[in-house]
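Trainee: Output the structure for:
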Amino acid sequence: MKQIHVVEGRAIPLGLKNVDTDVIIPAQYLKTITRNGLGKGAFETIRAQPGNVFDDPENAGANILIAGDNFGCGSSREHAAWALSDIGIDAVIAPSFSDIFSGNAFKNGILTVVLPQDVVDRLLEVARTDPISIDLQDQTVTTPFQDRFSFEIDPFRKHCLLNGLDEVGMTLTQHVAIAAFEAKMAGERPWL
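Mentor: Numbers count the residues shown, from 1 in each chain. Below is the predicted model:
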């Protein structure tokens, strides 16, 4: 998993409430077991509408998504986080997230930032013309207009994202202790 310190750039101003995982990645794309290539189906129903925010040339290369309340509700499909990652999203800002989606996003290296609705409304306004910056270490979201908004994050999730540690990475940080334990067990119980 890649490290996240600062996520900055254009943000897609989606702003819709109750965007469920079937909107993020429709069921017909769930037959794959790979994380790659799901971006082609991401937000398919929204992209089918003319003038949608995803196909707006101004948002090309955007790595932040600004959404509405209850983002990622619906099923527990991890494919939703995979699809977001595949289209280059490193962070999602919303007033609230489904717990399962938030967990899946975290496990796949996507920062979820919870901010009050009035702040999200301000960021939606800024995102239409200017970049946004998210500093994970300082736990702030800033704009070129001197806006500065603080957010909370679980300390464990913050540590993992800052250091690029997924579950395997966390285990590998203990490789010295694991090797010592294995050597000790081999000496004490060679039959194991």
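
Trainee: This protein: helices as residue ranges?
Mentor: 21-24, 44-47, 79-86, 99-107, 117-127, 155-163, 167-172, 175-188 (DSSP state H).

Trainee: Determine how far the fourth one lies from the middle of the whole chain.
Mentor: On the basis of CA atoms, centre = their mean, to the nearest Å, the separation between the geometric centre of helix 99-107 and that of its chain is 8 Å.

Trainee: And the longest one, by the same measure?
Mentor: Here helix 175-188 is found 36 Å from its chain centre; the criterion is CA atoms, centre = their mean.

Trainee: right, and the helices of the chain - which one's nearest Ala11?
Mentor: helix 117-127 (4.0 Å; CB to CB). All C-beta atoms are positioned from the backbone trio N, CA, C, and that covers glycine.

Trainee: Could you check how far Ile93 is from Phe71?
Mentor: Separation of Ile93 from Phe71 (CB to CB, to the nearest Å) stands at 9 Å.

Trainee: More neighbours: which of the two?
Mentor: Counted by other CB atoms under 10 Å, Ile93 and Phe71 do not tie: Phe71 has more neighbours, with 30 against 27.

Trainee: got a list of what the closest residue in space to the more buried one that isn't next to it in sequence touches?
Mentor: Excluding the flanking residues, the one nearest Phe71 by CB to CB, 6 or more residues apart in numbering is Ala94, at 4.3 Å. With contact taken as CB atoms under 8 Å, 6 or more residues apart in numbering, Ala94 is in contact with 66-71, 112-115, 120.

Trainee: any chance of these in JSON lines, with pLDDT and distance to Leu162 too?
Mentor: JSON lines is the format used below for these (pLDDT from 0 to 100; distance: CB to CB, whole Å):
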{"residue": "Ile66", "pLDDT": "98", "distance to Leu162": "22"}
{"residue": "Ala67", "pLDDT": "98", "distance to Leu162": "23"}
{"residue": "Gly68", "pLDDT": "98", "distance to Leu162": "27"}
{"residue": "Asp69", "pLDDT": "98", "distance to Leu162": "27"}
{"residue": "Asn70", "pLDDT": "98", "distance to Leu162": "27"}
{"residue": "Phe71", "pLDDT": "98", "distance to Leu162": "23"}
{"residue": "Thr112", "pLDDT": "98", "distance to Leu162": "15"}
{"residue": "Val113", "pLDDT": "98", "distance to Leu162": "14"}
{"residue": "Val114", "pLDDT": "98", "distance to Leu162": "18"}
{"residue": "Leu115", "pLDDT": "98", "distance to Leu162": "20"}
{"residue": "Val120", "pLDDT": "98", "distance to Leu162": "24"}
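
Trainee: can you list contacts of the helix-or-strand element of the chain with minimal mean pLDDT?
Mentor: Averaged element by element with mean pLDDT, DSSP states H and E, the chain has its least confident helix or strand at helix 167-172 (a mean of 85). Here helix 167-172 makes contact (CB under 8 Å, 6+ apart) with 1, 107, 160, 163, 178.

Trainee: out of these, what pair is the most spread apart?
Mentor: Lys107 and Ile178, at 21.5 Å, using CB to CB across the contacts of helix 167-172.
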